[in-house]
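Chemist: predicted structure and sequence below. I'll ask about it afterward.
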Amino acid sequence: MAITVRQLSYFRALAEQQNFGRAAEVVHVSQPALSAQIRELETTLGAPLIERQPRRALLTPFGRRMLPHAEAILARVAQMEEEARWREGLAGRLSLGIIPTVAPYILPGLLAALRARDVSLDVQVTEGKTLRLLDGLAAGRIDAALMALPAEGEGLVAEPLFEDRFLLAGTAARLAALGERADQLRPTEIEPAHLLLLEDGHCLTDQALEVCGRGRGQINMGASSLGTLSRLVAAGFGLTLLPEIALAAERTAAPGLEVRRFSGPEPARRIGLVRRASSRDDGWFATLAETIDGVGGEIVGACRAGNPPAGRARPVPGAPRAAPSPGLVLALRPAYVKRRRTRHERRTPCATSRSLSNGIPRRPTSPTMPSRRNPSGSGSRRRPRRGISIPARSCGSTGSPPSARRRAAPTSANAGARATPP
């Protein structure tokens, strides 16, 4: 029976995990299926590869000799699949790694630009620190990585993209405390006790320490993200170096954040795109680099155009503004309110009634006004009930309540004594 790529991949996973159950989870199969494939591979090779123990699976001496050959074959197969995937340029599936100090600010525009170019492109993004992205490149888990240059490692190809300059960020009070020397401020002149940086492991921290000329033990390094660092600085806890690409977003999230530019030459970092040298470039890498350079260059260009010279900090005009609340818009519309009539107005339906309905006078409803049922305009509008005759009221009289009229008909003397409403 011939050796298959599946058997070799199962063998490599078992050698790494040293457990049949964990190896089966890594390759997404059941444990019996993995055991059966390993036994078939041992039968084909004619010697045992695995030393089976109750809770462990160790390689035999023969298995240790066969493992490098299996890994080399799997690497060549992965290279074949990669070259076939990029035969039509930037298409199919793309696994892209980005450092945390760039990802949240460039990803919205970058993904929109890639989708506008090819809606069928499947982009898988991995956010991680520089060392993690370099390990992913070497292992073949990601195709390209967007990071700050230089990229340390062998067998890598880097394409320099846009320049990202550093700004001094803090509250207006802290920046004003710098005094007259703020216009000629250099990063090396910042007091170490006032400077806040990201935790160790971020390339931005290493670059900030380098431009400030400080050691790791002299500066407070504890924030895990630029968002946390910006909010601490906006609350007045110190100063920091903020890259241009993050200014618009962090200033919107932290309104109390103010910035000043350093005197020239301004400290900066170079953002670049990195890939493996063994990965064939049929145009996909150049296309991706051009797209990223366009999106990132537009962000830093807007920052430089809207940010004033050092010493005159103000909000960036290009920063997004919050949309007005829908409830506020509705509150500004005129409301239609219907006024409720009083008891006197409801009981006096005559021509001199002053009752209103939304400010419009009611139509006179005198009982003596001619109508379709009473052409002559005489007599009462109500039918007498139970033999009690109810005389027609004059327009100006209020009369007694209906209950009193049903109990006893008013006399002529009483009718003459009624008062006319005002």
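Modeler: Here it is on my side, so go on. Residues are numbered from 1 along each chain as shown.
Chemist: low-confidence regions, the stretch 1-150 of the chain specifically.
Modeler: Low-confidence segments of the stretch 1-150 of the chain, defined by pLDDT under 70: 1, 82-91.
Chemist: how about the strands in it?
Modeler: Counting by DSSP state E, counting those that start in this stretch, one finds strands in the stretch 1-150 of the chain at the ranges 50-52, 57-59, 93-98, 122-127, 144-148.
Chemist: so what strands line up beside the fourth one?
Modeler: Read that as strand 122-127. Strand pairing for strand 122-127, using DSSP bridges, gives strand 93-98 (parallel).
Chemist: again with the second one
Modeler: Strand pairing for strand 57-59, determined by DSSP bridges: strand 50-52 (antiparallel).
Chemist: likewise the last one?
Modeler: In the sheet, strand 144-148 lines up against strand 93-98 (parallel), strand 268-276 (antiparallel) (DSSP bridges).
Chemist: after that strand comes which helix or strand?
Modeler: strand 156-170 (DSSP states H and E).
Chemist: what helices or strands is that following strand leaning on?
Modeler: The contact analysis (3 or more C-beta pairs under 8 Å, 6 or more residues apart in numbering; DSSP states H and E) places strand 156-170 against helix 226-234, strand 240-243, strand 258-260, strand 268-276, helix 284-306. C-betas here are computed from N, CA, C, even on glycine.
Chemist: ranking those by burial, who's on top?
Modeler: Mean neighbour count (mean count of other C-beta atoms under 10 Å) peaks for strand 240-243 among the helices and strands packed on strand 156-170, with a mean of 25.
Chemist: would you confirm that Ala173 contacts Gly236?
Modeler: Yes: between Ala173 and Gly236 there is a contact under C-beta atoms under 8 Å: 7.1 Å.
Chemist: go through this structure and flag its longest helix.
Modeler: helix 61-85 (DSSP state H).
Chemist: so Gly283 versus Ala289, what's the distance?
Modeler: Gly283 sits 11 Å away from Ala289, going by C-beta to C-beta, to the nearest Å.
Chemist: same question for Gly21.
Modeler: From Gly21 over to Ala289 the distance is 43 Å, taken as C-beta to C-beta.
Chemist: give me the pLDDT value at Ala173.
Modeler: What the model reports for Ala173 is a pLDDT of 89.
Chemist: that one belongs to a strand?
Modeler: No: using DSSP: H, G, I helix; E, B strand; the rest coil, the secondary structure at Ala173 is helix, not a strand.
Chemist: neighbours of it, just the number please.
Modeler: By other C-beta atoms under 10 Å, 10 other residues sit near Ala173.
Chemist: coming back round to it: using JSON lines, please lay out the strands paired with strand 144-148 together with distance to Gly296.
Modeler: As requested, the strands paired with strand 144-148 are exported to JSON lines (distance: least, C-beta to C-beta, whole Å):
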{"stretch": "strand 93-98", "distance to Gly296": "11"}
{"stretch": "strand 268-276", "distance to Gly296": "6"}
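Chemist: what's the closest of the ones you listed to Ala47?
Modeler: Of all the strands paired with strand 144-148, it is strand 268-276 that lies closest to Ala47, at 34.5 Å by C-beta to C-beta.
Chemist: deepest of the strands of the stretch 1-150 of the chain, which one?
Modeler: Ranked by mean neighbour count, the strands of the stretch 1-150 of the chain are led by strand 144-148 with a mean of 24 (mean count of other C-beta under 10 Å).
Chemist: in JSON lines, list the helices and strands packed on strand 156-170 along with mean pLDDT and distance to Arg165.
Modeler: Converted to JSON lines, the helices and strands packed on strand 156-170 look like this (pLDDT from 0 to 100; distance: least, C-beta to C-beta, whole Å):
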{"stretch": "helix 226-234", "mean pLDDT": "88", "distance to Arg165": "15"}
{"stretch": "strand 240-243", "mean pLDDT": "89", "distance to Arg165": "7"}
{"stretch": "strand 258-260", "mean pLDDT": "88", "distance to Arg165": "11"}
{"stretch": "strand 268-276", "mean pLDDT": "93", "distance to Arg165": "4"}
{"stretch": "helix 284-306", "mean pLDDT": "90", "distance to Arg165": "7"}
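Chemist: pipe the ones you listed into CSV and attach distance to Gln124 per row.
Modeler: Compiled in CSV, those are given as follows (distance: least, C-beta to C-beta, whole Å):
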stretch, distance to Gln124
helix 226-234, 23
strand 240-243, 25
strand 258-260, 34
strand 268-276, 15
helix 284-306, 13
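Chemist: quick one, which of the ones you listed gets closest to Ala72.
Modeler: strand 268-276 (16.2 Å).
Chemist: ok, and what's touching the closest one?
Modeler: 102, 133, 137-138, 140, 143-149, 151, 155-166, 203-204, 207, 243, 245, 281, 285, 288-289, 292, 296 (C-beta atoms under 8 Å, 6 or more residues apart in numbering).
Chemist: can I get the CA coordinates of that strand in CSV?
Modeler: C-alpha atoms of strand 268-276 as CSV (Å, rounded to 0.1, in the frame of the first residue of the first chain):
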residue,chain,number,x,y,z
ALA,A,268,9.0,57.9,13.0
ARG,A,269,8.7,54.2,12.2
ARG,A,270,8.4,52.5,8.8
ILE,A,271,5.5,50.1,8.3
GLY,A,272,6.1,47.3,5.8
LEU,A,273,4.7,44.1,4.4
VAL,A,274,6.7,40.9,5.0
ARG,A,275,6.4,37.4,3.3
ARG,A,276,8.5,34.3,3.1
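Chemist: what is Glu163 paired to in the beta sheet?
Modeler: On the basis of DSSP bridges, Glu163 is bridged to Arg270.
Chemist: what is the neighbour count of it?
Modeler: Neighbours of Glu163 (other C-beta under 10 Å): 14.
Chemist: Leu196 versus that one, what's the distance?
Modeler: Distance, Glu163 to Leu196, by C-beta to C-beta: 24 Å.
Chemist: can you check Met66 too?
Modeler: Going from Met66 to Leu196 by C-beta to C-beta gives 53 Å.
Chemist: got it, and Thr205?
Modeler: With distances taken as C-beta to C-beta, Thr205 is found 11 Å from Leu196.
Chemist: between those two, who's got more neighbours?
Modeler: The neighbour comparison of Thr205 against Leu196 (other C-beta under 10 Å) goes to Leu196, with 22 against 19.
Chemist: looking at the closest residue to the more buried one other than its chain neighbours now. What's its pLDDT?
Modeler: Leaving aside its sequence neighbours, Leu196 sits nearest to Gly238 (C-beta to C-beta, 6 or more residues apart in numbering; 4.3 Å). You'll see Gly238 listed with a pLDDT of 85.
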